[in-house]
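> Sequence and predicted model, in that order:
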Amino acid sequence: MNLGCVQRQEGSTGESFKTALDHTFEHRPAAGAFENHVRLNRVWPATGISDAEYVESELQKNGFSVLRTALQATKAGSKTRRERLWWLYLEGANRAEDLRIMHRMLEALKIEDEEPWEPYMLPPELRQCDRVCPREWQAFSSYKDDHIRFFDQQKLPWPAPRDTFGSELAHLDQRAFEVCVYADATIPWNSETPGARQFMDASFSITRLCGDNGIPWNPWSPDVPPLRTAGKYIMRTAERLPLSHGSTTKGVWRTHLRQLDGLELMQLLGFDLRYFADDNFPTHQLATSFAGNAFNAFQVAQVLTALAAVVSPEAYEVDG
């Protein structure tokens, strides 16, 4: 996504916005919404405004009132983070009060997630990601030097033994597998919350995820990271083991790691498996790609509710 692409109407983002705006001005819907990356808020020096401001001004010049806002999906009930830029627009140039109502609705619809994780998770027989064979490891791959250095600093054996996690992550390529080994070994489990889960995207390099200069960063998050088409999303859980019979200490933690299946990622976005006819599910990689590109259904429900609060019922009527 190049700076100023929407104003220049270039590239897939610029051309898509041009088409969307042209259709909006031609058909004049009572209400609507655009969604895109928050990077569109960056100012393009050539014009002194951002692409986000440009889209808002084009709508306003053509007789629409606009509410532009950034929304975080976790504030709408989603278990995966996704901050996106939204333009909620209404036909008519003098809709300031309706815009204030929509803003209040969006604020009121923010919720703290209390739902359990289990409904989003697949039973082992439906998970496909752990049936993928790992790519053959190249002994002189570019990440080798970094991994040797990181593992040596923490006095971990390298190459990481492939049976470190049993069979759960045996399908991962060596690079991602060693990122998991390092992150699990250097960042101890620290949650006392029953049923807690931690997540990271193991597709990133070890230096980007875990830090450098021998000081480990914490790549684990209580939320699923923003979804990408090439992501490898790892979930970590833990159980407490007693140190010995009759011991008064709390014991130690034993962690369990596994990769989230692409269908699980789709469910985390709000696309339930019931949407797929006759159990005709996409493959793990295709579902992961869908999840990396799809809008977050929790956010869409939040936006549609705010729009419905100010659009008159007559706007939904269809002649004939």
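Now that the structure is in, tell me what you want to look at.
> centroid residue for this protein?
Residue closest to the average C-alpha location in the chain (Cα atoms, centre = their mean): residue 226, at 2.5 Å.
> ok, now which ones touch that one?
Residues near residue 226 by Cβ atoms under 8 Å, 6 or more residues apart in numbering: 80-83. Placement of C-beta: from N, CA and C, glycine included.
> Let me see the confidence value for it.
The model reports residue 226 with a pLDDT of 86.
> Kindly report the same for residue 162.
89.
> Could you say which helix or strand holds it?
Assigned by DSSP states H and E, residue 162 falls within no helix or strand.
> that older thread, which strand or helix spans the residue nearest to the centre of the chain?
Under DSSP H and E, no helix or strand contains residue 226.
> For it, give its distance to residue 40.
16 Å (Cβ to Cβ, to the nearest Å).
> State the distance from residue 111 to residue 48.
For residue 111, the distance to residue 48 equals 38 Å [Cβ to Cβ].
> So residue 7 sits against residue 51, correct?
Yes - with contacts counted by Cβ atoms under 8 Å, residue 7 reaches residue 51, the gap being 5.9 Å.
> give the contact list for the nearest residue to residue 293 once chain neighbours are set aside.
Computed as Cβ to Cβ, 6 or more residues apart in numbering, the closest residue to residue 293 that is not its neighbour in sequence is residue 229, at 6.3 Å. Shown in contact with residue 229 (Cβ under 8 Å, 6+ apart): 288-289, 291-293.
> Please apply the same query to residue 207.
Shown in contact with residue 207 (Cβ under 8 Å, 6+ apart): residue 146.
> Report pLDDT for it.
pLDDT, residue 207: 89.
> Next one: it from residue 301, what distance?
Per Cβ to Cβ, residue 207 is found 38 Å from residue 301.
> what's the answer for residue 57, then?
Taken as Cβ to Cβ, the span from residue 57 to residue 301 is 28 Å.
> Then residue 72?
Here residue 72 is placed at a distance of 14 Å from residue 301 (Cβ to Cβ).
> can you check residue 119 too?
Per Cβ to Cβ, residue 119 is found 17 Å from residue 301.
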